[in-house]
Every structure is written in C-alpha cells, then in structure tokens.
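Asks: generate a structure from the sequence data that follows.
(one chain, ligands or ions: 1)
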Amino acid sequence: MSNILNKVLLIYTGGTIGMDINPDTNALEPLDFNHLFEHMPEFHYLKTDIEVRQFSTPIDSSDMSPLIWAQLVNIIATEYANYDGFIILHGTDTMAYTASALSFMLENLTKPVILTGSQLPIGQLRTDGKENLLTSIELASAHHADGTPMVPEVCIYFSGHLLRGNRSTKQNADGFDAFDSFNYPHLCDAGVNFDFHDHNILTPDYSRPMIPHTQMDSRSIVFSLFPGLQEDIVRHVLGSPQLRSIIMRTFGSGNAPQDLWLMKILTEASERGVIIVNISQCVSGRVEMARYDAGFQLKNAGIISGYDSTVEAAVTKLMYLQARYSDATTIRSLMNQSIAGEISLP
Ligand code: ASP
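Replies: The predicted model follows:
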C-alpha cells in the first residue's frame, strides 16, 4: 500500500450518521452535512483530500429509490476522472440495496465506491460513525504500489469489515456489526492493520472505461413462501399483467410446497415471459433445485436458480437487466451469469 495523497469525493445522502433528535417528536431526523462536519474535527487531520457533495434534502434511507441511484451514478460518472475514490454516506436500512444496484449500474468500475453509515448518530458519545467514516476514507484512498486501487469495487464498510456490496445484507438492527456477507468472504478486515484479502477482490479491465447506466425497471416483486399460502391471493398478486419478474424466497436449498395450483400459477407466469428467480430464505448457503423433489418441480415450472444471491442483489440485478433488455430469454441467461461478482456459480 503506498502513501500517495489521494482525492476522495464524499457523497452525503443522509441516514443515522448525520441525524439528531427532533425535540418535538423525540425521533431521529436527518440533518445537513454541516451538522456532521461540526462533530468531526478529525477531518482536518486526514492526509486524503476530501470534497463533499450533499443531497439537497438528506433522507432516511427507507426513502431510497432508483431515481436517487441514478443521481448517484451521474455524480460518480461526471466526477470519475477527478477523484481516486468515492464514499457514500447512507442509512443502513437500504444500504445493501443501493450497494447492489450501484455494482450493476457502474459497469467496469475501476475505482473504490464505499458505502458507510452508522448505528448511532455522529453527535452521540458512543457513535460508531467516526470509525466507519475515517476507515472508509483510508480504504477509498488505499493503492497498490503501481497506483491501482486496492478495492476497485462497490463495497460496504462497517464495524471493521469491508464487504462486497452486492453480497452484503443488513443483519443487525441494533448492534454495531450491522452488515455481513454470508456467502462471500470479507474483502478486508480492519484491525490495527488493514488485512486486504486480494484474492477475493475483483480485478477490473483498466484499459476499458467505466460505463454508467442510469435506467432501472422495477416491475418486480419479492414473494416469500410460508406454510399455508392461499391460492386466490397468490394468483391475484402473481397474475398482475405489469409484472416482469418474481424473486421467490423459497425454503432451504430452494424448495416449495408441491401444491398443483402453485406449480400451475408459476408455470403460467413463466410461460407468459415472467422471470421467476429462486432465492433461499436462508441467509447462508445456495439454491440447488435438483436436491429434493420439492425443488425439482420448480425447475420443471421454468424457474431459474438464484444460486447464492442475496435478495438485494437479485432484485437490483433484475431491475438493471429489465431496463436494458426486453426479452426474457436474454435476462434469464444473464441471471445465470455473475456480472459484478454477485453470485458464485457451482
Ligand atoms: N433509518 C435509518 C436509515 O436507514 C437507519 C440508519 O441509518 O442506520 O436511514
């Protein structure tokens, strides 16, 4: 790792890190970046050159949307040549969706884009925000001796761990270890020293440009199975003519009840071009539809495997592919490939 002075763009979208208590409601609400800055005198001591961009109205990340993802992509694309890395301050609730979406929207990314935030506001004594932000800045500016970045991908940094963005899931609503990537090893562990796991980090093609994509098509639904599903309700929801894809959260290694009515609804949807992706309800492990008969039936109904994908990666990958391609065959085939390190194929 060399000590070149790097330039990082910090994009502040909102989230707990910059929130404070509203005395009228006693609830946390997002404040502008100056509030955050006042609590971070450490900024002045950093070796990295930091510039800040903030959204006109900082948001709770529950209000995140594909339009804001497009704004983030536009900022990164416009400023791409001017910075060595990008940090996005973001609420934790939808951070894994944003990280997944950006990993597809920023094709052939050659610079770090690190999302971080905190569980306690930066103004509170026990805040985790300072460590998360300061370490993210160091990670975004970390370079190999030849000048190439240590982590040229979209990542989430939280509580000592740098994770691949499209492998991450929010696992804890209270603890400081808010994220983990259950099906992929960490990219770096930050203790006294940084322990980069180079063999887990993507290697982009530095001779090709980064290609930004801003269109997303969200005509999808996440449908979680449970014992006792009602036929008329499932038919109503999955029969929607606008629907282009269903992310079906199945049991264990990709199994579903073998009710004939369910297979019929799924087969009909698949035949009319709806893409149905099988994702396990387990946070760890992969879908293997051929392992049990209860999964094999799904394969026969035209459902494709989501392998070891997170729900967040499957949803945002479909949104990205649906915006780029109109035919289901192409989308199904690309769902069977890793396009930004989001799945491990068997
Ligand atoms: N509700 C907050 C948000 O996602 C939680 C957080 O920042 O951790 O914006």
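Asks: quick check: which element contains I122?
Replies: Assigned by DSSP states H and E, I122 belongs to neither a helix nor a strand.
Asks: three-state assignment of T267?
Replies: Here T267 is recorded as helix under DSSP: H, G, I helix; E, B strand; the rest coil.
Asks: that one touches K299, doesn't it?
Replies: No - using C-beta atoms under 8 Å, T267 is not in contact with K299, being 11.3 Å away. Placement of C-beta: from N, CA and C, glycine included.
Asks: neighbour count for the two, which is higher?
Replies: T267 (17 against 14; other C-beta atoms under 10 Å).
Asks: contact partners for that one?
Replies: Neighbouring residues of T267 by C-beta atoms under 8 Å, 6 or more residues apart in numbering: 301-302.
Asks: do that again at 10 Å, thanks
Replies: Shown in contact with T267 (C-beta atoms under 10 Å, 6 or more residues apart in numbering): 276, 297-298, 300-303.
Asks: drop anything exposed from the residues you listed.
Replies: Burial by neighbour count, 16 or more other C-beta atoms under 10 Å: within the contacts of T267 this picks out 276, 297-298, 301-303.
Asks: give me the neighbour count for the nearest residue to D60 once chain neighbours are set aside.
Replies: Excluding its sequence neighbours, the residue lying closest to D60 (C-beta to C-beta, 6 or more residues apart in numbering) is G91, at 5.6 Å. The number of residues packed near G91 is 24, by other C-beta under 10 Å.
Asks: and what about the residue in the stretch 51-200 of the chain positioned nearest to the ligand, helix, strand or coil?
Replies: Using C-beta to the nearest ligand atom, the closest approach of the stretch 51-200 of the chain to the ligand is made by G91 at 1.8 Å. Here G91 is recorded as coil under three-state DSSP.
Asks: does it touch G15 like I think?
Replies: Yes - using C-beta atoms under 10 Å, G91 is in contact with G15, at 3.1 Å.
Asks: what sits in contact with each of those two?
Replies: Contacts common to G91 and G15, judged by C-beta under 10 Å, 6+ apart, are 30, 58-62, 64, 117-118.
Asks: tell me the mean pLDDT over the longest strand seen in the chain?
Replies: Secondary structure of the chain per DSSP state E: the longest strand is strand 49-59. Regarding strand 49-59, the rounded mean pLDDT is 89.
Asks: list the buried residues in it.
Replies: Using 16+ other C-beta under 10 Å as the burial criterion, the residues of strand 49-59 that qualify are 50, 52, 54-55, 58-59.
Asks: before we move on, what about stretch 166-181?
Replies: Buried residues in stretch 166-181, counting neighbours by 16+ other C-beta under 10 Å, are found at 166-170, 176, 178-181.
Asks: what segments of the stretch 51-200 of the chain are strands?
Replies: Taking DSSP state E, counting those that start in this stretch as the test, the strands found in the stretch 51-200 of the chain are 85-89, 106-107, 113-116, 154-158, 161-164, 169-170, 179-180, 188-190, 194-196.
Asks: spell out which parts of the protein neighbour the ligand.
Replies: 15-16, 60-62, 91-93, 117, 119 (C-beta under 6 Å from any ligand atom).
Asks: distance to V151 added to those, as TSV?
Replies: TSV is the format used below for the residues of the chain next to the ligand (distance: C-beta to C-beta, whole Å):
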residue	distance to V151
G15	21
T16	24
D60	27
S61	22
S62	28
G91	22
T92	20
D93	24
G117	18
Q119	23
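Asks: from the buried ones among the contacts of T267, which is closest to the ligand?
Replies: The ligand lies nearest to I276 out of the buried ones among the contacts of T267, by C-beta to the nearest ligand atom, at 29.4 Å.
Asks: who's in contact with the closest one?
Replies: Contact analysis of I276 by C-beta under 10 Å, 6+ apart lists 223, 238, 245-248, 266-267, 269-270, 298, 301-304, 306, 332.
Asks: please apply the same query to H213.
Replies: Applying C-beta under 10 Å, 6+ apart, the residues contacting H213 are 69-70, 73, 77, 101, 104-107, 320, 323-324.
Asks: drop anything exposed from these.
Replies: Buried subset of those (neighbour count, 16+ other C-beta under 10 Å): 69-70, 73, 77, 101, 104-107, 320, 323.
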